[in-house]
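Student: 3D model of this:
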Amino acid sequence: MSVENTEQAAEHEAGGHVSFLGFVPVVETFCGIVIWQGTVDIFAVESQLPTRVYAWSVEKENDWQYIAGLGSPPIDSPRAAVRAWLVSLAAKPQLYFH
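Tutor: Numbers count the residues shown, from 1 in each chain. Modelled structure (predicted):
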């Protein structure tokens, strides 16, 4: 995984140019069990709202998938972006889980 790949996903989600700000480790648990662990890249969106995009990668069927989420309420942090993604997977498990 590279920042270039998550940057492309972030730019696609934002619909324009983004600038890399940094990254944070995120560990999401449910009932004490780790359900996702990884690094989330943070990007600034230039000249529009929302001002942030969060992006990360997941391995799926021996390939990498790049996920990006806009920093719009209630998504106000990298962890909140991952949680929103996990909720979307739970609603439609056929999209990710096999």
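
Student: where does the spatially closest residue to Thr39 that is not a sequence neighbour land in three-state SS?
Tutor: Distance criterion C-beta to C-beta, 6 or more residues apart in numbering; nearest residue to Thr39, sequence neighbours excluded, is Phe23 at 5.1 Å. Using the backbone N, CA and C atoms, a C-beta is placed for each residue, glycine as well. Recorded secondary structure, Phe23: strand (DSSP: H, G, I helix; E, B strand; the rest coil).

Student: distance between the longest helix that the chain contains and the chain's centre?
Tutor: With DSSP state H applied, the helix covering the greatest number of residues in the chain is identified as helix 78-91. Averaging C-alpha coordinates over helix 78-91 and over its chain gives two centres that are 8 Å apart (C-alpha atoms, centre = their mean, to the nearest Å).

Student: Can you tell me the centre-most residue of this protein?
Tutor: By C-alpha atoms, centre = their mean, the mean C-alpha position of the chain lies nearest to Ala55, the distance being 3.5 Å.

Student: what separates that residue from Leu49, distance-wise?
Tutor: With distances taken as C-beta to C-beta, to the nearest Å, Ala55 is found 18 Å from Leu49.

Student: quick one: pLDDT of the closest residue to Glu46 other than its chain neighbours?
Tutor: Beyond its immediate neighbours in the sequence, the residue positioned closest to Glu46 (C-beta to C-beta, 6+ apart) is His17, lying 5.2 Å away. The pLDDT attached to His17 in the predicted structure is 93.
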